[in-house]
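S.K.: Need coordinates for the following:
(one chain, ligands or ions: 1)
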Amino acid sequence: MLVALTDTSKYPDEPAPAEEPVVEEPVVEEPVVEEPVVEEPALDGAALFTAHCGSCHNGNGLGSGPTDKTGATAAAITNAIATAPGMGVLSFLTDAEIQAIADAL
Ligand code: HEC
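M.R.: As a prediction, the model looks like this:
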């Protein structure tokens, strides 16, 4: 009857892995976020200039006289916002708005 005591198959070195409880992943419904279709309103560059630039560059609406910015490119305006004294406050203007202003100038 010694056989049974030496039967290692009953005592494996590695304990049998505990039964992992099957955790059901809750199915989380991702809310479908619909991208709202935003109709880009046509930007009125002249109005934007009057509103944001006219106080400094105005003469007759689109700039005139010594501070005339007629023909200024969007890049020039963006650069001016970054560098010109007093224009930093206009950094909220979007690229589209700046482009619209440039198109109007
Ligand atoms: C607070 C006053 C102020 C406002 C507002 C302002 N600017 Fe300026 N801007 C200046 C000053 C000062 C300079 C530097 C001197 C110069 O070039 O007239 C300048 C420079 C520029 C320049 C670069 C110089 C050149 O002639 O190329 C451009 C372009 C320009 N402004 C366009 C604009 C536009 C477009 C707006 C509106 C989005 C605007 N500015 C709003 C004060 C202002």
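S.K.: rest of the way, CA atoms for contacts and neighbours
M.R.: OK.
S.K.: Pass me the low-pLDDT residue ranges in this structure, would you?
M.R.: 1-17, 40, 59-67 (pLDDT under 70).
S.K.: Around the ligand, which positions in it sit nearby?
M.R.: 49, 52-53, 55-56, 67, 69, 72, 76-77, 80, 84-87 (Cα under 6 Å from any ligand atom).
S.K.: surely H57 meets K69?
M.R.: Yes. H57 is within contact range of K69, at 7.1 Å (criterion: Cα atoms under 8 Å).
S.K.: Where do the strands of this protein begin and end?
M.R.: In the chain, no strands are defined using DSSP state E.
S.K.: where exactly do the helices run in it?
M.R.: Applying DSSP state H to the chain gives helices spanning 3-6, 45-52, 54-57, 74-83, 95-104.
S.K.: Of all those, which one is nearest P26?
M.R.: When the helices of the chain are compared by Cα to Cα, helix 95-104 sits nearest P26, at 44.0 Å.
S.K.: Would you mind measuring from the residue in the chain that the ligand sits nearest to to S91?
M.R.: Across the chain, no residue is closer to the ligand than C53, which sits at 3.4 Å (Cα to the nearest ligand atom). Distance, C53 to S91, by Cα to Cα, to the nearest Å: 12 Å.
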